[in-house]
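[1] take a look and give me a structure for this.
(one chain, ligands or ions: 1)
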Amino acid sequence: MNTLLIIISAIIFAGAVAILFFNTGSSVTSQAVASVQVSVQPSTQVQATAQSQGSMESIEISNFAFNPTSISIHSGDTVTWTNKDSVAHTVTSDSGSELNSDSLSNGASYSHTFTTPGVYTYHCTFHPHMMGSITVT
Ligand SMILES: [Cu+2]
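    Numbering: from 1, shown residues only. Purely as a prediction, here's the structure:
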């Protein structure tokens, strides 16, 4: 009778040890999964940030012209105009107030982020023959 009790106790003890071992093993596994998630999340965030920032496009103002004259961009992209001429120019919407730079002297830049699709035509207020357009899709 005593022997049977000892055997039953041993089985229960062995079961308890097995459960402890199993729990320890599974917590190590979930830690490993957590560390994998942590290493994956930052690169996902960087991609999301890069997407929300959009692309950067450059237009040079030189020889009384916008170069390139016309470009096509995506909503969220930013365009930067830089004046390479010795005389001042502006970047001014033909209608509306989307583009409204100050007078840009030599070397000065003007940047604008387009958030709404459409065709934005613009000119220089000092030299109305200087024209350009931005198509936002
Ligand atoms: Cu001009």
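[2] would you mind listing what in the chain touches the ion?
    89, 124, 126-127, 130 (CB under 5 Å from the ion). Any C-beta I mention is one placed from the backbone N, CA and C, and that applies to glycine too.
[3] of the residues you listed, which is the most crowded?
    Most neighbours among the residues of the chain next to the ion, by other CB atoms under 10 Å: His89, with 27 neighbours.
[4] got a list of what that one touches?
    Neighbouring residues of His89 by CB atoms under 8 Å, 6 or more residues apart in numbering: 61, 64, 83, 103-104, 124, 126-127, 130.
[5] check Thr137 too.
    Taking CB under 8 Å, 6+ apart, we find Thr137 in contact with 72-75, 117.
[6] who wins on neighbours among those?
    Ile73 (20 neighbours).
[7] correct me, but that one touches Tyr120?
    No: at 9.9 Å, Ile73 does not count as touching Tyr120 under the criterion of CB atoms under 8 Å.
[8] what about the strands in this protein?
    With DSSP state E as the criterion, the chain has strands at 56-62, 65-67, 70-73, 78-83, 92-93, 109-113, 118-123, 131-136.
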